[in-house]
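> okay, sequence plus prediction incoming.
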Amino acid sequence: MTHQILLPRADGTCVPYILGQASPFPSSAHPSRSRMAYAAAHVVCDPLVESGSASPAHLDWEATLVYRHYLWSLGFSVAEAMDTAQRGMGLDWEMSKELIRQSVAEAQASGAGIACGAGTDQLAPSAHVTLADVQAAYEEQCSFIEGEGSRIILMASRALAACAKTPDDYLQVYGRILTQVAQPVILHWLGDMFDPALAGYWGKRDLDAAMEVCLSLIERHAAKIDGIKMSLLDASREITMRRRLPEGVRMYTGDDFNYPDLIRGDDQGFSHALLGIFDAIAPAAAAALQALDAGDIAHYEAILAATVPLSRHIFQTPTYCYKTGVVFLAYLNGHQSHFRMVAGQESARSVVHLAELFVLADKAGLLRDPELAAERMRRVLAVAVYF
């Protein structure tokens, strides 16, 4: 059956678009044998509770947890309470604790993989925050996560970026935390395109100099570091760092622009994955990883090549608004009954942006029910424009 929809464009015109076929990808998959693959998962807000920028988050727990089971069914581990879950953009530490508690319990009951973000977001960055405050905040969150039985993703800290004066301040705080954790952690280097408050992280504005600081930390504490997630949207810099990591320390790409090549790798190594885009393209990513496991590089590349325009669109500037696109695609695919977000972030992208996302998702084979997706797109358009 052919489905046609009228879509708005940036020039103010509207054009008809004919949808393709339903998603061809399997509805379940085994975990990849050759790569560690984490999908950073979004949250589903409760649409009937006030959820503006000044209100605490209220989640639809059933829909939020069902989505994690969906990711697990496709072979992914879940990276929980990360920036994809609007951590620091509406989801505070108190709500993150409950999210971690419930998700870890579900993962343990299902025998599924999970790692959870530990940060310092119970601290508001200010001139009064000290390194000791930052360390205590990290300790609180790490203790909670390990107490729930999860591994830690040690997230970048806005408070540390605000109060650290030198690279040694970063080495001191991270070094103290790494000596205390029970299991090796995944470090998280998040670029300022994802969070402007993290500019100059590791005490250096120059990224090559910052990399040297980060590598020195990893070399000193390699036994307590499972790997590092780099989210700088810079493939060459990730490859450079990947080749310098100590033996046994993994690179987890967080590059939502260049992930196909980085995961495939080269004759000197490859990156594992910890990606927000894997939330949105989970069926395609699962099928691609199965092809990679089977040695079918051409099929792997063909699947993921079709997803890159979609990912680059979702993560376009301002990059930190990418969560809106991730949630919108989940709505189009019927994973949630509404397009509402914590802190009202559904308004962070224009209707023209969402219309282009709809087209790119269709071209990537990521609309599992085109009729449903078209109807839901029409509902959004009916509110936003006059047709």
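Looks like it came in fine. Numbers count the residues shown, from 1 in each chain.
> looks to me like M95 is in a strand.
No. Using DSSP: H, G, I helix; E, B strand; the rest coil, the secondary structure at M95 is helix, not a strand.
> is it true that it touches D46?
No. Proximity of M95 to D46 does not meet the contact threshold set by Cβ atoms under 8 Å, at 11.4 Å. Bear in mind the C-beta positions are built from the backbone N, C-alpha and C, glycine included.
> shared neighbours, those two?
Shared contacts of M95 and D46 (Cβ atoms under 8 Å, 6 or more residues apart in numbering): L59.
> more neighbours, those two?
M95 (20 against 17; other Cβ atoms under 10 Å).
> can you pull out the strands in the stretch 251-387 of the chain?
272-275 (DSSP state E, counting those that start in this stretch).
> my error: substitute the stretch 1-150 of the chain in the last question.
Using DSSP E, counting those that start in this stretch, strands in the stretch 1-150 of the chain cover 4-8, 14-18, 37-40, 77-80, 114-118.
> neighbouring contacts of the second one?
Strand 14-18 is contacted by residues 2-9, 358-359, 385, 387 when judged by Cβ under 8 Å, 6+ apart.
> by neighbours, which of the residues you listed wins?
Result: F358 is most packed of the contacts of strand 14-18 (other Cβ under 10 Å), 25 neighbours.
> pull the contacting residues for it.
F358 makes contact with 5, 7, 17, 332, 373, 377 under the criterion Cβ under 8 Å, 6+ apart.
> separation between C14 and V359?
Separation of C14 from V359 (Cβ to Cβ, to the nearest Å): 13 Å.
> what sits in contact with each of the two?
In contact with both C14 and V359: L7, using Cβ under 8 Å, 6+ apart.
> how many neighbours does the residue lying closest to R101 once chain neighbours are set aside have?
In space, and not counting its chain neighbours, R101 is closest to E148: 5.8 Å by Cβ to Cβ, 6 or more residues apart in numbering. Per other Cβ under 10 Å, the neighbour tally for E148 reads 18.
> tell me the pLDDT of E148.
Per-residue pLDDT puts E148 at 98.
> mind listing what it touches?
Applying Cβ under 8 Å, 6+ apart, we find E148 in contact with 100-101, 104-105, 116.
> quick one: contacts of stretch 295-311?
Applying Cβ under 8 Å, 6+ apart, the contact partners of stretch 295-311 are 256-257, 259-260, 264, 277, 280-281, 284-285, 287-289, 291-292, 357, 360-361, 363-366.
> again, only using 7 Å
Residues from elsewhere that reach stretch 295-311, judged by Cβ atoms under 7 Å, 6 or more residues apart in numbering: 256-257, 260, 264, 277, 281, 284, 287-288, 291-292, 357, 360-361, 363-365.
> try stretch 188-198
83, 88, 125, 153-156, 158, 161, 199, 201, 214, 228-233, 319-320.
> now do stretch 56-67
Contacts of stretch 56-67 (Cβ under 7 Å, 6+ apart): 41, 43-46, 49, 51, 90-92, 95, 99, 102-103, 106, 330, 335-336, 342.
> shaky segments in the protein?
Where the chain drops to pLDDT under 70, the residues are 1, 51-55, 386-387.
> swap in 80 and give it another go.
1-2, 50-56, 125-127, 385-387 (pLDDT under 80).
> how about the contacts made by the residue nearest the centre of it?
With distances taken as Cα atoms, centre = their mean, G276 lies nearest the centre of the chain, 2.4 Å away. Shown in contact with G276 (Cβ under 7 Å, 6+ apart): 40, 84, 256, 322, 326.
> circling back: now intersect the contacts of stretch 56-67 with the helices, please.
Here DSSP state H is the test, and those give 95, 99, 102-103, 106, 330 as lying in helices.
> can I get the contacts of E148 in a markdown table with distance to I314?
A markdown table is the format used below for those (distance: Cβ to Cβ, whole Å):
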| residue | distance to I314 |
| --- | --- |
| I100 | 25 |
| R101 | 29 |
| V104 | 27 |
| A105 | 30 |
| C116 | 23 |
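> out of those, who's the most crowded?
In terms of neighbours by other Cβ under 10 Å, the contacts of E148 top out with C116 at 29 neighbours.
> bridged to it, which residues?
Going by DSSP bridges, C116 is paired in beta bridges with E80, I152.
> any chance of the contacts of F358 in a markdown table, with distance to S28 too?
Below are the contacts of F358 laid out as a markdown table (distance: Cβ to Cβ, whole Å):
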| residue | distance to S28 |
| --- | --- |
| I5 | 29 |
| L7 | 32 |
| Y17 | 30 |
| L332 | 20 |
| A373 | 21 |
| M377 | 27 |
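> which one of those sits closest to P167?
Checking the contacts of F358 against P167 with Cβ to Cβ, the nearest one is L332 at 44.3 Å.
> give me the nearest residue to the closest one, chain neighbours excluded.
Per Cβ to Cβ, 6+ apart, closest to L332 is A373, 4.3 Å.
> pretty sure that neighbour is touching A330, no?
No. With contact defined as Cβ atoms under 7 Å, A373 does not reach A330; the gap is 11.2 Å.
> list the buried residues for stretch 35-54?
35-46, 51 (16 or more other Cβ atoms under 10 Å).
> centre of the chain versus it, how much separation?
11 Å (Cα atoms, centre = their mean, to the nearest Å).
> again, but for stretch 194-211
Here stretch 194-211 is found 19 Å from its chain centre; the criterion is Cα atoms, centre = their mean.
> swap in stretch 6-26?
Stretch 6-26 has its C-alpha centroid displaced from the chain centroid by 25 Å (Cα atoms, centre = their mean).
> how about that stretch: buried residues?
Taking 16+ other Cβ under 10 Å as the criterion, stretch 6-26 shows 7-8, 17, 19, 23, 25 as buried.
> mind checking the end-to-end distance for it?
29 Å (Cα to Cα, to the nearest Å).
> how about stretch 80-98?
Using Cα to Cα, the two ends of stretch 80-98 sit 11 Å apart.
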